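Q: Coordinates only, no sequence provided:
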């Protein structure tokens with residue numbers, strides 16, 4: 001299995017938002033309706049260089065009941081056991097929570113329910129790396145070989161290229177032996193070196209800096225760089241440098257041998273073995289039919305050890321915490337103004353033939369929806385969970401979506417599949433969902 005250059009995911013599909021969101025935002029760009037206003041620059045505008053005055057006419061007045069009904073209907077269609085959608089706008093905060101955190105029980109989720117955030121962890125690993133550069137402890141143009149030995153092309157791969165997915169290194173989560181071990185020994189505690197050894201047994205995909213291809217190997221390496229330069233375990237640096245100062249208290253990177261999730265938490269489910277999350281292949285037709293008929297039940301992946309992900313996707317959080325984190329990161333509360341600008345300017349088109357399309361930078365994606373709407377975002381996926389988080393700085397909209405089913409029977413990444421419904425609710429003038437057929441009597 002190969003990760004296509006248009007995709008951004010953990011494993012083959014972790015944070016698998018790129019192809020679906022790229023198509024989605026292209027559609028949004030055609031139909032979003034908004035208008036601009038002017039005022040004195042805000043703190044966020046000064047930090048980002050972006051006009052952050054909310055364009056109220058770009059946003060709908062959210063009706064909580066209609067919002068809940070829309071999310072519930074879309075989740076049911078995807079066979080999602082449970083989901084949370086948290087939206088913060090200038091009008092207020094809205095949470096649609098549907099279903100259950102555990103099959104065969106009545107245990108509704110909420111914004112404080114813990115879940116595995118998968119590749120959304122990359123936003124933290126990247127932010128820590130930028131902070132270490134801000135401290136003068138590393139430079140973006142340093143070769144990774146200065147910090148980690150025996151990396152193929154390591155003398156020619158820079159920290160910046162790792163951050164932007166442009167190293168060319170083979171993605172270790174593509175390797176079938178990883179999925180096989182995850183299923184045969186789900187509690188196995190992985191070290192970063194073990195997953196890097198998997199990656200380095202394969203030749204690089206392309207020369208450093210010549211292309212974009214999402215590879216979790218990049219962030220496994222960045223985790224080691226951060227630990228060496230920062231002199232502390234990655235989890236401790238996350239807490240001390242990122243989470244603690246923001247008052248984000250329910251987010252953590254668990255120890256390698258810890259397979260638990262703090263209470264209250266959601267179970268996580270997926271049809272079939274780990275390879276369906278790790279490898280980009282559809283479910284066979286008979287599996288799809290059985291899942292739709294209810295004769296095939298999803299497997300519980302809640303306590304599969306996520307240490308194979310670590311810096312690339314191992315963290316646990318809540319919707320409330322991720323909303324706080326995403327808003328703070330994008331609006332300039334984590335980095336100083338100089339390095340915030342470098343973080344923003346790191347964005348680069350994934351596809352050179354589509355310069356206005358999806359961009360990826362230092363652990364963040366960006367896409368403009370229309371004249372007055374854009375979003376910085378990331379996504380996450382691993383066996384059991386799928387999620388999305390984004391912040392639209394122009395309209396002051398923060399969005400977090402998580403589900404406890406990785407893929408629908410048809411192979412749709414479930415949080416991403418909820419996005420058209422959610423964005424239709426948030427933004428005025430959108431119509432991303434197909435209209436219901438009309439009938440005559």
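A: Yep, it's here. Since we're looking at a predicted model, the values are computed, not measured. Numbers count the residues shown, from 1 in each chain.

Q: any idea where the strands of the stretch 51-200 of the chain begin and end?
A: Assigned by DSSP state E, counting those that start in this stretch, the strands in the stretch 51-200 of the chain fall at 82-89, 92-99, 115-116.

Q: centre of the chain versus the shortest one, how much separation?
A: In other words, strand 115-116. 12 Å (C-alpha atoms, centre = their mean, to the nearest Å).

Q: Pull the residues that contact that strand.
A: By C-beta atoms under 8 Å, 6 or more residues apart in numbering, the list of residues contacting strand 115-116 from outside reads 261, 265-266, 268, 306, 315-318, 380, 382, 384-385, 387, 402, 404. C-betas here are computed from N, CA, C, even on glycine.

Q: Go again with 6 Å.
A: Contacts to strand 115-116, defined as C-beta atoms under 6 Å, 6 or more residues apart in numbering, come from residues 266, 306, 316, 382, 385, 402.

Q: and the end-to-end length of stretch 272-284?
A: This stretch, stretch 272-284, spans 10 Å end to end (C-alpha to C-alpha, to the nearest Å).

Q: Report the buried residues of it.
A: By neighbour count with 16 or more other C-beta atoms under 10 Å, stretch 272-284 contains the buried residues 272-280, 283.

Q: And the average pLDDT for that stretch is what?
A: Taken as a whole, stretch 272-284 has an average pLDDT of 90.

Q: next one: that stretch to chain centre, how far?
A: In this view, stretch 272-284 has its centroid 19 Å away from the chain centroid, taken as C-alpha atoms, centre = their mean.

Q: go on, stretch 163-177?
A: Counting by C-alpha atoms, centre = their mean, stretch 163-177 comes out at 17 Å from the chain centroid.

Q: Other residues contacting that stretch?
A: Outside stretch 163-177, the residues that touch it by C-beta under 6 Å, 6+ apart are 1, 3, 11, 126, 157, 161, 195, 198-199, 202, 204-209, 212, 214-218, 278, 360-362.

Q: Show the buried residues in the residues you listed.
A: The buried subset of those (16+ other C-beta under 10 Å) comprises 1, 3, 11, 126, 157, 161, 195, 198-199, 204-205, 208, 212, 214-218, 278, 360-362.

Q: Contact partners for residue 162?
A: Counting by C-beta under 6 Å, 6+ apart, residue 162 has contacts 218, 221-222.

Q: Please repeat the previous calculation with a cut-off of 7 Å.
A: For residue 162, the contact set (C-beta atoms under 7 Å, 6 or more residues apart in numbering) comprises 144, 218, 221-222.

Q: So which of those belong to helices?
A: Under the assignment DSSP state H, these contribute 218, 221-222 to helices.

Q: any chance of those in a markdown table, with distance to residue 150 and pLDDT too?
A: Listed next are the ones in helices among the contacts of residue 162 as a markdown table, based on distance: C-beta to C-beta, whole Å; pLDDT from 0 to 100:
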| residue | distance to residue 150 | pLDDT |
| --- | --- | --- |
| 218 | 16 | 98 |
| 221 | 11 | 98 |
| 222 | 16 | 98 |
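
Q: which one among these gets closest to residue 293?
A: Closest approach to residue 293 among these (C-beta to C-beta): residue 218, at 40.9 Å.

Q: Tell me the spacing between the closest residue to that closest one other than its chain neighbours and residue 92.
A: Distances taken as C-beta to C-beta, 6 or more residues apart in numbering put residue 162 closest to residue 218, at 4.3 Å, once the chain neighbours are dropped. From residue 162 across to residue 92, the span is 39 Å (C-beta to C-beta, to the nearest Å).

Q: circling back: what's the ChimeraX syntax to select whichever of the contacts of strand 115-116 are buried?
A: A single ChimeraX command selects the buried members of the contacts of strand 115-116 (16+ other C-beta under 10 Å):
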select :266,306,316,382,385,402
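
Q: which among the contacts of strand 115-116 gets closest to residue 331?
A: Distance ranking of these against residue 331, using C-beta to C-beta, places residue 402 first at 21.6 Å.

Q: so what's the residue nearest to that closest one when sequence neighbours are not counted up against?
A: Sequence neighbours aside, residue 387 is the residue nearest to residue 402 in space, at 4.0 Å (criterion: C-beta to C-beta, 6+ apart). Residues near residue 387 by C-beta under 7 Å, 6+ apart: 115, 117-118, 120, 379-380, 401-402, 415.

Q: phi, psi of residue 387?
A: Main-chain torsions, residue 387, degrees, to the nearest 10: phi -150, psi 160.

Q: Which secondary structure element of the protein has the lowest mean pLDDT?
A: In the chain, the helix or strand scored least confidently by mean pLDDT, DSSP states H and E is helix 18-31, which has a mean of 41.

Q: Which strand residues bridge the residue nearest to residue 402?
A: Beta-bridge partners for residue 387, by DSSP bridges, are residue 380, residue 402.

Q: related to what we said a few turns ago, tell me the most buried of the strands of the stretch 51-200 of the chain?
A: Neighbour counts (mean count of other C-beta atoms under 10 Å) averaged over each of the strands of the stretch 51-200 of the chain peak at strand 115-116, with a mean of 30.

Q: Show me the helices in the stretch 1-150 of the chain, by range?
A: Assigned by DSSP state H, counting those that start in this stretch, the stretch 1-150 of the chain shows helices spanning 18-31, 43-48, 64-77, 121-134.

Q: before we move on, back to that, same list (the contacts of residue 387) but as JSON lines, adding pLDDT and distance to residue 71.
A: Shown next, in JSON lines, are these (pLDDT from 0 to 100; distance: C-beta to C-beta, whole Å):
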{"residue": "115", "pLDDT": "98", "distance to residue 71": "16"}
{"residue": "117", "pLDDT": "98", "distance to residue 71": "19"}
{"residue": "118", "pLDDT": "98", "distance to residue 71": "21"}
{"residue": "120", "pLDDT": "98", "distance to residue 71": "20"}
{"residue": "379", "pLDDT": "96", "distance to residue 71": "17"}
{"residue": "380", "pLDDT": "97", "distance to residue 71": "19"}
{"residue": "401", "pLDDT": "98", "distance to residue 71": "9"}
{"residue": "402", "pLDDT": "98", "distance to residue 71": "12"}
{"residue": "415", "pLDDT": "97", "distance to residue 71": "11"}
